[in-house]
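No sequence on hand, only this structure:
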């Protein structure tokens, strides 16, 4: 039991932020959870639930929610679980002067092409950064089901020694890495590939086609990751291949569900406008495709998803384009 002591701060009370708060509070550790919506904070405090974002969970008593971001300033450990496109602005508003900041959003800034770590370094230059990423569904983690993730520490083993005891729980096991860019690339790319797999599912193309897409998608992740300085073993681990397999295999994935709806004929613009929760891959796909092109990295699946989201191709056009790729050796680029 960690019991009482300084709270761990969780910034963002969406499904994943709420699930992380629930996991962290499971041994009695106090957790301070920031919600952008005051009504969500009130509901968590008074009714021990978050009906909007994680309706399945009865939230633990050590969780206290607040709509005042300043209340988290000065905490030694902060988990940033805002949507990727809002992370830098939220962190800039919080203006932490030090401590450990664990980045839990998976994506690339659409406007700048920055990874979450690059954005966080500018917004909080005095903080020690880490990335938590892996094959996890919010409702399962909140329910106490076993899960594991990569905890990539920019501060190396000294930072790991601080953070691992704060984050690890009997049903949640972090694994150490110092490959921050590798953990980030895996989490960002898999969201885009999950949209593609959802499209295949929505079109009714079968499990064999999905397995082929996962395999070729992983090749794209490796090519891009290595070009960005990631290590191959990180991309083949929990935050890369592990997360890819999970996210590409279930309607519980928001990105997969978005792709499935696109495959069934829905328009991307309408789907994104009506969703309360964020499918990060929809924002990441265009900027990922541009970054890959600038580095000369072939990513045909990512390109196809970006074209579909822009309305430049239909789901069937996308599938036909990928099936018509040139015949070549499996190890060949593209």
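Done, it's in. Quantities reported herein were computed from a predicted structural model and do not represent experimental measurements.

lowest-confidence helix or strand of the chain?
In the chain, the helix or strand scored least confidently by mean pLDDT, DSSP states H and E is helix 268-274, which has a mean of 82.

what's that helix in contact with?
Applying C-beta atoms under 8 Å, 6 or more residues apart in numbering, the contact partners of helix 268-274 are 258, 261-262, 279, 282, 308-311. The C-beta positions use only the backbone N, C-alpha and C, and glycine is treated the same way.

what separates that helix from the chain centre, distance-wise?
Centroid separation between helix 268-274 and its chain, computed with C-alpha atoms, centre = their mean, to the nearest Å, is 20 Å.

so after it, what's the next helix or strand?
helix 280-294 (DSSP states H and E).

What lies in contact with that following helix?
Residues contacting helix 280-294 (C-beta under 8 Å, 6+ apart): 83-85, 105-110, 113, 188-189, 191-195, 224, 227, 254-255, 258, 268, 272, 298-299, 302-303, 305-306, 309-310.

Stretch 97-104 too?
Against stretch 97-104 from outside (C-beta under 8 Å, 6+ apart): 12, 16-17, 20, 74-81, 87, 91, 116-117, 120, 124, 126-133, 151, 155, 159, 162-163, 167, 184.

Please, a ChimeraX command that selects the buried ones among the contacts of helix 268-274?
Of those, the buried ones can be selected in ChimeraX as follows, counting by 16 or more other C-beta atoms under 10 Å:
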select :258,261,262,279,282,308,309
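
Nearest to residue 324 among the contacts of helix 268-274?
Residue 324 lies nearest to residue 308 out of the contacts of helix 268-274, by C-beta to C-beta, at 15.5 Å.

low-confidence ranges in the stretch 51-200 of the chain?
With pLDDT under 70 as the threshold, the stretch 51-200 of the chain has no low-confidence stretch at all.

where along it do the strands fall?
63-66, 77-80, 100-103, 128-133, 147-153, 172-177 (DSSP state E, counting those that start in this stretch).

tell me the angle of the fifth one relative to strand 172-177?
Going back to what we said before, that points to strand 147-153. 40 degrees (axes from the mean of the first three to the mean of the last three C-alpha atoms, to 10 degrees).

What strands flank strand 147-153, and is each parallel or antiparallel?
Sheet partners assigned to strand 147-153 using DSSP bridges are listed as strand 128-133 (antiparallel), strand 172-177 (parallel).

The first one too?
When pairing is defined by DSSP bridges, strand 63-66 lines up against strand 31-34 (parallel).

Give me the average confidence score over the partner strand.
When pLDDT is averaged over strand 31-34, the result is 98.

Just checking the distance from that strand to the centre of its chain.
Distance, centroid of strand 31-34 to centroid of chain: 19 Å (C-alpha atoms, centre = their mean).

same thing with stretch 29-37?
19 Å.

Same check on stretch 224-232?
18 Å.

Span of it from start to end?
11 Å (C-alpha to C-alpha, to the nearest Å).

And stretch 194-210, by the same measure?
10 Å.

and if you look at stretch 233-249?
End residues of stretch 233-249 are separated by 22 Å (C-alpha to C-alpha).

ok so, going back, list the buried residues for the least confident helix or strand of the chain?
268, 271.

again, but for stretch 210-219
By neighbour count with 16+ other C-beta under 10 Å, stretch 210-219 contains the buried residues 210, 213-214, 216-219.

In JSON lines, list these along with secondary structure and pLDDT.
What follows is the buried residues of stretch 210-219, written out as JSON lines (DSSP: H, G, I helix; E, B strand; the rest coil; pLDDT from 0 to 100):
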{"residue": "210", "secondary structure": "helix", "pLDDT": "93"}
{"residue": "213", "secondary structure": "helix", "pLDDT": "93"}
{"residue": "214", "secondary structure": "helix", "pLDDT": "95"}
{"residue": "216", "secondary structure": "helix", "pLDDT": "93"}
{"residue": "217", "secondary structure": "helix", "pLDDT": "95"}
{"residue": "218", "secondary structure": "helix", "pLDDT": "97"}
{"residue": "219", "secondary structure": "helix", "pLDDT": "95"}
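
Which member of the residues you listed is positioned nearest residue 176?
Ranked by distance to residue 176 (C-beta to C-beta), the buried residues of stretch 210-219 are led by residue 218 at 22.6 Å.

Contacts only, for the closest one.
By C-beta under 8 Å, 6+ apart, residue 218 lies in contact with 193, 235, 240-241, 244.

Domain parsing of the protein, as residue ranges.
8-178, 181-323 (automatic domain parsing).

Which residue is the nearest non-sequential neighbour of residue 159?
residue 153 (4.1 Å; C-beta to C-beta, 6 or more residues apart in numbering).
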